[in-house]
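Q: how does the following fold in three dimensions:
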Amino acid sequence: MPNEFSHKARIFLHRGDLVGARACYEAAVAEDRTSGAQHDLIESLGNLGNVHAMQNDPTTATACYREVLALQKTAGSLHAVGHTLVNLGNLHRDTGELDHALPYYLEALDLLTSLQDQRALGVLYSNLALLDLEGGRVNEAIAQFTRALDFHRIVGDEDGLAVTYGQLGQAFLKAERVSQAEKCFNNASEHFIKLGNEPGEAATLRVLASLYERSENRTHALRCLERVVQIDERYRLPHLEDDRAARDRLHQSSLGSSDS
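A: Down below sits the predicted model:
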């Protein structure tokens with residue numbers, strides 16, 4: 001059972017206090033080492049690694065994850081090993097070390113495929129796609145995102161579907177396949193609506209509005225922006241003023257077109 005320091009760390013994380021969370025997880029790791037509770041140590045170390053990653057400290061995060069990986073392999077926790085390999089790959093990708101990220105992803109792919117961990121495979125294929133995008137391999141990224149969507153559908157991962165459709169839409173935009181991008185962003189929006197994730201919906205509709213405006217479909221663009229502004233106002237999102245300005249400009253442009 002996680003110790004009291006881990007409980008306090010979760011409270012700090014909920015408040016967005018990464019410094020406090022790190023200090024508590026460091027104390028939790030020290031206590032778990034003393035008690036010899038290996039399962040708790042794995043969890044505390046993994047969480048400490050996550051906090052260091054969020055604080056842009058990949059070196060310490062990597063050290064935490066590697067120790068976690070060794071402990072998980074000793075314990076025979078193969079699903080957990082796969083997830084930690086993905087975390088290590090993510091760290092290297094986030095720091096631009098794409099060649100170092102790929103071996104971790106491929107090792108995780110072999111393991112998670114053998115375990116038929118379909119939820120984790122959906123996440124992993126999305127990460128592989130992002131790696132391809134960052135390496136300029138757009139068509140390969142599109143194929144990987146498509147595989148990720150297949151796994152998200154199998155397990156009913158609405159979050160995964162929403163996010164991955166948006167990422168696939170961006171990949172189609174890079175490939176200048178605008179109509180397919182538009183379909184992806186519409187799908188992403190529908191899944192964010194199912195989730196009740198209005199900020200996610202707003203981010204997607206913002207991109208859709210720009211696509212509709214590019215194709216001179218002002219009616220659809222304006223409808224998207226009106227919904228975006230409504231969400232901005234409800235959640236006090238940082239794009240509120242820009243979105244209002246875009247909505248008002250498009251509204252004036254539509255009035256001008258109808259007058260002429």
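
Q: contacts for stretch 89-107?
A: 53, 58, 61-62, 65, 85-86, 88, 108, 124, 127-128, 130-131, 134-135 (CB atoms under 8 Å, 6 or more residues apart in numbering). C-beta coordinates here come from the backbone N, C-alpha and C atoms, glycine included.

Q: report pLDDT for Val19.
A: pLDDT, Val19: 96.

Q: which helix or strand lies directly C-terminal to whichever strand or helix holds it?
A: Using DSSP states H and E, Val19 sits in helix 18-35. Proceeding N to C from helix 18-35, the next assigned helix or strand is helix 38-54, under DSSP H and E.

Q: flag every buried residue along that following helix.
A: 40-53 (16 or more other CB atoms under 10 Å).

Q: can I get these in JSON lines including pLDDT and distance to Phe192?
A: Shown next, in JSON lines, are those (pLDDT from 0 to 100; distance: CB to CB, whole Å):
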{"residue": "Asp40", "pLDDT": "94", "distance to Phe192": "36"}
{"residue": "Leu41", "pLDDT": "96", "distance to Phe192": "37"}
{"residue": "Ile42", "pLDDT": "96", "distance to Phe192": "33"}
{"residue": "Glu43", "pLDDT": "95", "distance to Phe192": "31"}
{"residue": "Ser44", "pLDDT": "96", "distance to Phe192": "33"}
{"residue": "Leu45", "pLDDT": "97", "distance to Phe192": "34"}
{"residue": "Gly46", "pLDDT": "96", "distance to Phe192": "29"}
{"residue": "Asn47", "pLDDT": "96", "distance to Phe192": "28"}
{"residue": "Leu48", "pLDDT": "97", "distance to Phe192": "32"}
{"residue": "Gly49", "pLDDT": "96", "distance to Phe192": "29"}
{"residue": "Asn50", "pLDDT": "96", "distance to Phe192": "24"}
{"residue": "Val51", "pLDDT": "97", "distance to Phe192": "27"}
{"residue": "His52", "pLDDT": "96", "distance to Phe192": "30"}
{"residue": "Ala53", "pLDDT": "95", "distance to Phe192": "25"}
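
Q: farthest-apart pair in these, please.
A: Asp40 and Ala53 (20.3 Å; CB to CB).

Q: returning to what we had before: hmm, who's touching the helix holding Val19?
A: By CB under 8 Å, 6+ apart, helix 18-35 touches 2-3, 5-6, 8-10, 12-13, 40-41, 44-45, 47-48, 51-52, 54-55.

Q: tell me the contacts of Val123?
A: Val86, Ala148, Gly160.

Q: equivalent analysis for Asp150, please.
A: Counted by CB under 8 Å, 6+ apart, Asp150 has contacts Gly122.

Q: thanks a lot, see you next time.
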